[in-house]
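>>> this one's sequence-less:
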């Protein structure tokens, strides 16, 4: 077994599990380097896959331990923050209860989802397509408080209630004490502020920020946005014609999202289904939740949206009512992603949101179960419905 404190040591390096250096440690005659207080393990006999993971771990400043087989790893996982198991490895991880990611090349994608289900893995990453996602994942392991998680909510087809689900997830997180930003990612959607009765609140909207230049101060961003029910809101207004929507794919939106990660504990994005939104604001999301009606025909249509989404974990929420003989797991299987929740019909939901009473809705038992399950999946706690909390497109 090889231990790497960076990606430059080859398989011939010394064997054994080395503890990473203490943060800020300096060795005489060597330049100062930030210590790697986090180590991950990759189990794979593929030099190419080891190299892909090694490059990502080096970029994310985490230590890397390499084992070619499960037996070689020896079960010595006490100092490991996560295990990446290659698509070439047949064995399981008996006794390991921490985060698990199945990694492999694109040609192995088909069997990787089956492997993830068998192992109960948290995520799947096809390399090198998902290198950026994996680097972000490592960074959050190393610095859990370094920045907010960003989740995108996407409707599998029109009229599913994706904007409503985004508001409910944000409201639930705010009710638990998290500092939350709800982002309208669809300039042609009519304005997310109208969905939550916040269209008259003072504060900046997307058009104001897209004309800004230079770095954005995170706390100034937070102070400038409308606030409702404990949630900050960044929306397109209904009056905006979407003419500046192409800027979502430009540097201005990237700077806004960077500042948002620093200012908040969670960012929830109502992404929209357009190619522009998915390729623009969508690339800043760490994971996606797709809302799909409980009909198999809708599930088939959702597959086209799935193909346009950036490489990141995707979980499915089935939207009630369900047709006879259809359950959330069947809908998820038809789309090809794991089921992470069920969004039932809630009596008076739209009227309550129209009245500006998001906090009241967020306190409901069904909403707490739904939103809590989604957030738990995003944090790697596994699917509330017993499925692997990874996705067919978790890095494709």
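Yep, that arrived. What you see is a predicted model, and the numbers here were worked out from it, not measured in a lab.
>>> Tell me where the model's unsure across the stretch 101-250 of the chain.
By pLDDT under 70, the weakly predicted segments of the stretch 101-250 of the chain are 122, 144-147, 212-214, 238-250.
>>> can you give me the strands in it?
123-126, 149-155, 180-184, 227-228, 231-234 (DSSP state E, counting those that start in this stretch).
>>> Distance of the closest residue to residue 366 other than its chain neighbours relative to residue 300?
With CB to CB, 6 or more residues apart in numbering as the criterion, residue 366 has its nearest non-adjacent residue at 6.0 Å, and that residue is residue 344. Bear in mind the C-beta positions are built from the backbone N, C-alpha and C, glycine included. Using CB to CB, to the nearest Å, we find residue 344 at a distance of 22 Å from residue 300.
>>> all helices of the stretch 151-300 of the chain, in order?
162-175, 192-195, 206-209, 218-224, 251-263, 275-279, 296-308 (DSSP state H, counting those that start in this stretch).
>>> about what we covered before: just the strands of the stretch 101-250 of the chain: most buried one?
Among the strands of the stretch 101-250 of the chain, ranked by average contacts under mean count of other CB atoms under 10 Å, first place goes to strand 180-184 (a mean of 29).
>>> Columns distance to residue 54 on top of the strands of the stretch 101-250 of the chain, output as JSON lines?
As requested, the strands of the stretch 101-250 of the chain are exported to JSON lines (distance: least, CB to CB, whole Å):
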{"stretch": "strand 123-126", "distance to residue 54": "14"}
{"stretch": "strand 149-155", "distance to residue 54": "25"}
{"stretch": "strand 180-184", "distance to residue 54": "34"}
{"stretch": "strand 227-228", "distance to residue 54": "44"}
{"stretch": "strand 231-234", "distance to residue 54": "37"}
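>>> give me the number of residues near residue 53?
Number of residues near residue 53 (other CB atoms under 10 Å) recorded here: 28.
>>> what's it in contact with, if anything?
Residue 53 is in contact with 42, 44, 64, 84, 103, 127, 134, counting by CB atoms under 8 Å, 6 or more residues apart in numbering.
>>> tell me which of the residues you listed is nearest to residue 315?
residue 134 (17.8 Å; CB to CB).
>>> Measure how buried the closest one is and give me the count.
29.
>>> Wait, it touches residue 56, no?
Yes: using CB atoms under 8 Å, residue 134 is in contact with residue 56, at 4.9 Å.
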